[in-house]
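Chemist: from the sequence below, what's the structure:
(chains A and B)
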Amino acid sequence: MSKITIILIVVGIIAGGAIFYSLGESATYASFEEAQKNPEREYHVVGKLNPEKEMMYNPAVNANLFTFYMVDNEGKECKVLYNNVKPQDFERSEQVVIIGKMEGTEFMANKILMKCPSKYNDTKQAQNI
Amino acid sequence: MYWGQLGNLFINLAFVAALLSCISYFFASRKTEGGLIDWKKLARASFVLHALSIIAIFAILLCILFLHRFEYYYVWQHSNTEMIKKYILSCLWEGQEGSFLLWMFWHALLGLTFMFKAGEWEADVMFVFSMVQVFLVSMILGLVLDYSWIEYKIGSNPFTLLREHPDMLKMPFVQSPTYLEKIDGRGLNPLLQNYWMTIHPPTLFLGFALVLFPFAFAVAGLRRGKFVEWIQPALPWTFLAISILGVGILMGGAWAYEALSFGGFWAWDPVENAVLVPWLCLVAGGHLMLVYKNKGTSLFIAVSLIILSFLLILWSTFLTRSGVLGNSSVHSFTDLGMTAQLLLYVVFFAWLPVVLFIRNSKMRLNYVLLAICVAVLAFIFGFNLYIKLAIFAYLALTIFLLVVNYQAQFPKSSSEESVSSRELWMFVGALLLTVSWLSIIHETSKPAIGKAFDGIPFLQELYPANYAPASDVIDKYNIVQALLSIFIFVLIGVGQYLRYGKTENSGLIRKILISTIASVILTIAIVVGFGLGENLVKENFMGTISVAKKYEKVLYLVLLYFSVFALVANAHYLLAFVKGKWRLSGPSVAHIGFAMVIAGAVISAGFKQIISANVGSPINLEYLNKDFKNNENIMMSKGDTLDMGGYKVVYSGDSTSGTNVYCAVDYYKPESNEKSFTLYPNIQMNPRMGNVAEPSTKHFLWKDIYTHITFIDPEKLQLVKSGEINRPAESLETDRFRQPAVYQINEGDTIFSVNYYIIFEDLVAADKIDTTIAPENQKIQLTGKFKIRNLKGREYLVEPLFAIVNNKIESYAAFNAETGTKISITNIIPEKRKVEVEVSELVNPRQNDFIIMQAIMFPGINILWLGCFLMGIGTLIAVLNRFLKK
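Modeler: Numbers count the residues shown, from 1 in each chain, chains lettered A, B, ... in the order given. Here you go, the predicted model:
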């Protein structure tokens, strides 16, 4: 076996390892119910903001906590605690994707993506204002 | 003027001319002597016509943008009358159509400069060039196919009229015959109104366009069976592409850092990965071309990587412009309905080199016919399971044919490389780069792969169609890439000392040892100098972060060491062996630059410090959830002094300029209370696009302080915009205040207001009373000292003035903005030792006069920018050296 072959095999193993490492790690979209079953795993939950219930952001108490109620696509409502400032135009968002883990009956989100009506098309979008 | 008709004329002309040029070059390259037509002349003429048409389209689009012709959808969508003229160019390439145009524009110019000097390669290379142009022009064709068997729009035309655009057809306002007089454009995204956006896209697309050269040469080589000869003429173009594309990518990083508020220069976003991956592939391929040129090995992988780097550009174009990434990116991509067309573009140019590579003409014909069959079936039945399986079978056939033809045609190297040869380790480096870009593009492509595998047993479980990227995706990329980079830096460092062929052992170990020791010292100096160790200990072993995170920082330190090693080794080589010969210095300078880019990235991003800690909050978020952090954002009320990152900071005021609202934040040195600098993080208020935060950064030589506003009350923003907030107290209209209350009080008395206590502390005379002046001429000036204390116990000092001039009372009220309280002394009653005080409060006291800000300290980021500059220059020197040698 030539050196080239050996190197190719070694590098192939590294590449395969890297790819399978990244495969095992991906999160998936899920509902609150699914997330509740597996509180250790990180999920993306897609849903809509419940505008009737209270949204709480009081920076004087803590600037890094924002809470609201969201209804997922299966109709289940859940309280969401978000470890950041309240995103700009949050009320106007058509759809919200929250990323995080379930803890008891509350969802601990560390990231929020919003789909707003035709804003910032085709370019980088600042997440929060 | 009929701009639109003229533009469409040139688009059609450009398309037809490119097609004609492609066909003519095809015949010209077959070298049939003495035919009826001089194919080469025809091909050249049509390419010139094509290039001129592209330039004309470019110019026309620019003209209508300058003239604000909002009857055109593109102009309406991407510009408005308010914007500054210098950003008109950014408007041109903000949209998809414009950026395709920019890409074609560079291809056209490069084609023109290359065509007449190309010599024997002209027909073969330009054949590929014009074929690529045919596909690109089709992206802006806007041709609507509307038949019973097909309904499809080919391309998106930049000269579509506003009232004819599909999104606008039902809008009532375009029905009015005079609608043009009433409308303004939607304007350029405020984020793009930045000087980087004028130079970053052209540089990037020039880089993209240059990658076409090595691809076209490699394809020409495959077609002619000249597997070796294409390398020499393609080499300088390859490295020129590496240089320009590399600089273009980092310019994008600089723009993100300057104008965006995601807190850094790189976020592993699909848009960024899409340009990085072809560059990495090209770097790997370019180095293998050098290996082949010097030692005649690894030819097949070199050819493959060069072809792949162009295909990766097409694949990235597909990923980022087709909307296939969907929810997986924070960036929303507009889907112009061109998914099929973009996919066809990728597939065709992946397929073409294989077809041209097949020598046996019968086999080639069958291979082509089979492709047509699969395509027709897919068109009729859609992409169901059987069609997908058929495509996989076709892929397997392709691989089989590649192997067969490789065995039959490719020149083999018989010599076995020595372990101490440079080419062996360059080969390993190229493979590591390949693993690097494979893992990045794999991660980025997952949503697309998921869609392709949907419905296929087993595979669809491996790549779920509802794939979502992990939230800590940045760390994930960082770890894999950091590991690979460590090995690459070892190779960059050691590789310079090795010779092609075999290296004499004498002195090799000594040379490596010198660099090793020198880099240990330099790394320690960096760690101590930037305080990285302190940071490491404080954050990692005293905080509550997870175990994986702790090791991440250690990994970064190891990577830092090896990048320093590569830097030192190349600097040593430059001084000791290259000496003053600048023409040979290119590779070393470029490698030093690359090492500095990574070292700078590790120091600044790996050890960045979020200094905006929110101190004094009654709720500790870490108790709520172990992943939650307290210190991301700081709340600053106007006028309060807070401690932040070794400074005393005060949010001191607001100002406006254009559509921007700037919040001034003063930084004081804690020891001397002397103002050090002021930053103006700002909010751009665009009525059509909402509010966008823009960062403000203080650049020091060895660190940056980067701040951006993460939250501001929208109501307050409006107040600032209308000039309400900064108006001095005297000019505030009285009707905005509540009815004033009048009190007669002694020193030390307290007034209870609605929301505050007001304590009258003292009354002080401004000057001593001059007894030589008669009493009626006395001028007495007194200052009242009042303390307003709010319910939280925060105190504000308010000092109204009271004067008696020529026996007349003059009263000057003092206003405190935070509490919205105005106090004036209206009279003094000496016999009772009392003062008469008038207190009035704002109807709406400004409780929202605060901002929430994030501040990040990036150490050593200038190392990264300097590295970028050196990498570009070094590569250009190497290119120049190659061009001069010819």
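Chemist: so which elements touch whichever strand or helix holds A:Tyr69?
Modeler: Here A:Tyr69, judged by DSSP states H and E, is contained in strand A:66-72. Here strand A:66-72 touches strand A:43-49, strand A:77-82, going by 3 or more C-beta pairs under 8 Å, 6 or more residues apart in numbering or on different chains; DSSP states H and E. In short, each C-beta sits where N, CA and C put it, glycine included.
Chemist: of all these, which one is nearest chain B?
Modeler: strand A:43-49 (4.0 Å; C-beta to the nearest C-beta).
Chemist: now do the contacts for B:Gly225.
Modeler: By C-beta atoms under 8 Å, 6 or more residues apart in numbering or on different chains, the contact list for B:Gly225 reads B:359, B:409.
Chemist: and the strand holding A:Tyr69, how far out from the chain middle?
Modeler: On the basis of C-alpha atoms, centre = their mean, to the nearest Å, strand A:66-72 sits 13 Å off its chain's mean C-alpha point.
Chemist: output that strand as CSV, nothing but the C-alphas.
Modeler: Once non-C-alpha atoms are left out, strand A:66-72 reads as follows in CSV (Å, rounded to 0.1, in the frame of the first residue of the first chain):
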residue,chain,number,x,y,z
PHE,A,66,-38.7,38.3,28.8
THR,A,67,-41.7,36.0,29.3
PHE,A,68,-44.7,35.4,27.1
TYR,A,69,-47.2,32.7,26.1
MET,A,70,-47.0,30.9,22.9
VAL,A,71,-49.3,28.5,21.1
ASP,A,72,-47.6,25.8,19.0
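Chemist: now do the buried residues in it.
Modeler: Neighbour-count burial for strand A:66-72 flags A:66-72 (criterion: 16 or more other C-beta atoms under 10 Å in any protein chain shown).
Chemist: got it, and stretch B:654-671?
Modeler: Buried residues in stretch B:654-671, defined by neighbour count with 16+ other C-beta under 10 Å: B:654, B:656, B:659-668.
Chemist: looking at the residues you listed, spot the one nearest chain A.
Modeler: Using C-beta to the nearest C-beta, B:Val661 comes nearest to chain A of those, at 11.6 Å.
Chemist: which helix or strand lies directly C-terminal to the helix or strand where B:Glu423 lies?
Modeler: In the assignment (DSSP H and E), B:Glu423 maps to helix B:422-453. Counting by DSSP H and E, the element after helix B:422-453 in chain order, helix or strand, is helix B:459-462.
Chemist: quick one on the thing from earlier: and the strand holding A:Tyr69, average pLDDT?
Modeler: Per-residue pLDDT over strand A:66-72 has a mean of 91.
Chemist: and if you look at stretch B:347-354?
Modeler: 94.
Chemist: got the CA coordinates for it in CSV?
Modeler: Below are the C-alpha coordinates for stretch B:347-354, written out as CSV (Å, rounded to 0.1, in the frame of the first residue of the first chain):
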residue,chain,number,x,y,z
VAL,B,347,-26.5,20.0,-12.1
PHE,B,348,-25.6,20.9,-15.7
PHE,B,349,-22.1,22.1,-14.8
ALA,B,350,-21.5,19.1,-12.6
TRP,B,351,-22.6,16.9,-15.4
LEU,B,352,-20.7,18.6,-18.2
PRO,B,353,-17.1,17.8,-17.1
VAL,B,354,-18.1,14.1,-16.8
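Chemist: tell me which element the residue most central in space within chain A falls in.
Modeler: Centrality entry for chain A: nearest residue to the mean C-alpha point is A:Ile99, 1.8 Å, by C-alpha atoms, centre = their mean. Here A:Ile99, judged by DSSP H and E, is contained in strand A:95-103.
Chemist: now the helix or strand following that strand: buried residues?
Modeler: Next helix or strand after strand A:95-103 toward the C-terminus (DSSP H and E): strand A:106-115. Neighbour-count burial for strand A:106-115, counted by 16+ other C-beta under 10 Å, picks out A:107-114.
Chemist: ok and the residue in the stretch 651-800 of chain B nearest chain A?
Modeler: B:Phe711 (4.0 Å).
Chemist: so how far is the helix or strand containing that residue from its chain's centroid?
Modeler: Using DSSP H and E, B:Phe711 maps to strand B:703-712. Put simply, strand B:703-712 sits 17 Å off its chain's centre (C-alpha atoms, centre = their mean).
Chemist: B:Trp149 looks like it's in a helix, true?
Modeler: No. Per DSSP: H, G, I helix; E, B strand; the rest coil, B:Trp149 lies outside any helix segment and is coil.
Chemist: now do the contacts for the closest residue to B:Asp704 other than its chain neighbours.
Modeler: Among residues not flanking B:Asp704 along the chain, B:Phe858 sits closest, at 4.5 Å (C-beta to C-beta, 6 or more residues apart in numbering or on different chains). By C-beta under 8 Å, 6+ apart, the contact set of B:Phe858 is B:264, B:604-605, B:608, B:703-704, B:706.
Chemist: let's go with 10 Å and repeat that
Modeler: Contacts for B:Phe858 (C-beta atoms under 10 Å, 6 or more residues apart in numbering or on different chains) come out as B:257, B:263-265, B:600, B:603-605, B:607-609, B:697, B:699, B:703-706, B:864.
Chemist: can you check A:Ile6 too?
Modeler: For A:Ile6, counting by C-beta under 10 Å, 6+ apart, there are no contacting residues.
Chemist: give the buried residues for the strand or helix carrying it.
Modeler: If you go by DSSP H and E, A:Ile6 is part of helix A:3-25. By neighbour count on 16+ other C-beta under 10 Å, the buried set for helix A:3-25 is A:4, A:7, A:11, A:14-15, A:18, A:22.
Chemist: any chance of the residues you listed in CSV, plus pLDDT and distance to B:Phe26?
Modeler: Converted to CSV, those look like this (pLDDT from 0 to 100; distance: C-beta to C-beta, whole Å):
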residue, pLDDT, distance to B:Phe26
A:Ile4, 73, 37
A:Ile7, 79, 40
A:Val11, 80, 38
A:Ile14, 80, 42
A:Ala15, 77, 38
A:Ala18, 72, 41
A:Ser22, 65, 42
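Chemist: filter these by proximity to chain B?
Modeler: When contact is defined as C-beta under 10 Å from any C-beta of the partner chain, the buried residues of helix A:3-25 meet chain B at A:4, A:7, A:11, A:14-15, A:18, A:22.
Chemist: quick check: the farthest pair among those residues?
Modeler: Greatest spacing in those, by C-beta to C-beta: A:Ile4 and A:Ser22 (26.8 Å).
Chemist: is B:Val144 in contact with B:Lys153, as I believe?
Modeler: Yes. In this structure B:Val144 lies within contact range of B:Lys153 using C-beta atoms under 10 Å: 5.1 Å.
Chemist: those two: which is more packed in?
Modeler: Using other C-beta atoms under 10 Å in any protein chain shown as the criterion, B:Val144 and B:Lys153 rank with B:Lys153 on top: 17 against 11.
Chemist: got the phi/psi numbers for the more buried one?
Modeler: Dihedral pair for B:Lys153: phi -110, psi 120, per degrees, to the nearest 10.
Chemist: sorry, back to before: helices or strands next to the helix holding B:Glu423 in the packing?
Modeler: Here helix B:422-453 touches helix A:3-25, helix B:270-295, helix B:299-321, helix B:385-409, helix B:459-462, strand B:467-468, helix B:473-495, going by 3 or more C-beta pairs under 10 Å, 6 or more residues apart in numbering or on different chains; DSSP states H and E.
Chemist: quick one, helices of the stretch 651-800 of chain B?
Modeler: B:714-721 (DSSP state H, counting those that start in this stretch).
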